[in-house]
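Asker: Mind looking at a prediction? Sequence and model below.
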There are 2 protein chains.
Amino acid sequence: MRIGELAERAGTTTRALRYYEQLGLLPARRAGNGYRAYDEGDLRLLREIRTLQDFGFGLEETRPFVECLRAGHPEGDSCPASLEVYERKLAELDDCIARLQDARARVAGQFERAVRARDDLAAAEQSPRCELTKE
Amino acid sequence: MRIGELAERAGTTTRALRYYEQLGLLPARRAGNGYRAYDEGDLRLLREIRTLQDFGFGLEETRPFVECLRAGHPEGDSCPASLEVYERKLAELDDCIARLQDARARVAGQFERAVRARDDLAAAEQSPRCELTKE
DNA sequence: GCTGGCGTTGACGTGGGTGTCAAGGTCTAC
DNA sequence: GTAGACCTTGACACCCACGTCAACGCCAGC
């Protein structure tokens, strides 16, 4: 299988595959003419990479999973190193979510305060009868 | 006030201030020698920028707030354009949080499945008495 | 033999907010 | 006058996962 076919079957691009090879993540054998040659195992590895990326993993974080599969294990997450990446990722996600929720709360607070200020001002301008009732 | 003093008082760097000027976000007057000259009003604008950045706003998103202040309003969020940015940001944060929570759930699911698989395998290896009891 | 569709490598661009360096000008203090 | 702290502009570096383009090689079909 050549690069174009693999890219299509995995739903990615040839550019990405060349990049993965450059990182040493998905090295390819070469045919006699210099073309990259892939097999079904590579497709499996590539699908593992894409799935993890979809979860928000960086490419380097997918490496333990790929190497685990390449070592012959049934799943990419059958190895301790992969489980550690899961744990690190969960902690990272929790931290990120917490920070975003904090930011959201602060922005919401500012927004509500600003809206109240605007409405108060509008009310004051619309009813200067307060002045009249005082007089 | 020159650039170094303003940067220090706002807790940022001269590099950032030059960048903001390049964006037209915080233009500076020039002294006779070509040095940038800032006043207290600029410090106020800069603090607005830093506060919003702290909330996760991009620099372009701070522009309506800065222009609102520069137009003489008491707060950066006294203008409708600023309120719109708040609303857009809240929607964006909600969307981002939801996607992260979804990713977190999926990773957690994978993690738990992988741990169970590992433990099942360990249990099977540790007690091959099943074989003996069969015989 | 020629066209078109594959493949190859290499290099630069993207975005955001700076860090850092180079090569110089300006001001203050001694 | 000179050292040192400040300022100026301009330019390149960073991160990440590629997109895009250039200039070329390989191969199948007509």
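Answerer: That came through fine. Being a predicted model, the structure only gives us computed values, none of them experimental.
Asker: So stretch A:32-39, near DNA strand D or not?
Answerer: Yes - applying CB under 7 Å from any atom of the strand, one finds that stretch A:32-39 is in contact with DNA strand D at A:Gly32, A:Asn33, A:Gly34. Every residue, glycine included, has its C-beta placed from N, CA and C.
Asker: could I get these as JSON lines with pLDDT?
Answerer: Shown next, in JSON lines, are the residues of stretch A:32-39 next to DNA strand D (pLDDT from 0 to 100):
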{"residue": "A:Gly32", "pLDDT": "93"}
{"residue": "A:Asn33", "pLDDT": "94"}
{"residue": "A:Gly34", "pLDDT": "95"}
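Asker: Need the residues you listed in a markdown table (columns: neighbour count).
Answerer: What follows is the residues of stretch A:32-39 next to DNA strand D, written out as a markdown table (neighbours: other CB atoms under 10 Å in any protein chain shown):
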| residue | neighbour count |
| --- | --- |
| A:Gly32 | 6 |
| A:Asn33 | 6 |
| A:Gly34 | 6 |
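Asker: quick one: which of those is nearest DNA strand D?
Answerer: A:Asn33 (3.7 Å; CB to the nearest atom of the strand).
Asker: Tell me the spacing between the residue most central in space within chain A and DNA strand C.
Answerer: Nearest to the mean C-alpha position of chain A, by CA atoms, centre = their mean, lies A:Gly56 at 2.5 Å. As judged by CB to the nearest atom of the strand, to the nearest Å, A:Gly56 and DNA strand C stand 15 Å apart.
Asker: hang on, the earlier thing: from the residues of stretch A:32-39 next to DNA strand D, which land in strands?
Answerer: Per DSSP state E, strands hold no members of the residues of stretch A:32-39 next to DNA strand D.
Asker: about what we covered before: please list all residues in contact with the residue nearest to the centre of chain A.
Answerer: Neighbour list for A:Gly56: A:Lys89, A:Leu93, B:Leu100, B:Ala103, B:Val107 [criterion: CB atoms under 8 Å, 6 or more residues apart in numbering or on different chains].
Asker: As JSON lines, the residues you listed with distance to DNA strand C and neighbour count would be great.
Answerer: What follows is these, written out as JSON lines (distance: CB to the nearest atom of the strand, whole Å; neighbours: other CB atoms under 10 Å in any protein chain shown):
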{"residue": "A:Lys89", "distance to DNA strand C": "20", "neighbour count": "22"}
{"residue": "A:Leu93", "distance to DNA strand C": "20", "neighbour count": "19"}
{"residue": "B:Leu100", "distance to DNA strand C": "19", "neighbour count": "18"}
{"residue": "B:Ala103", "distance to DNA strand C": "19", "neighbour count": "19"}
{"residue": "B:Val107", "distance to DNA strand C": "23", "neighbour count": "21"}
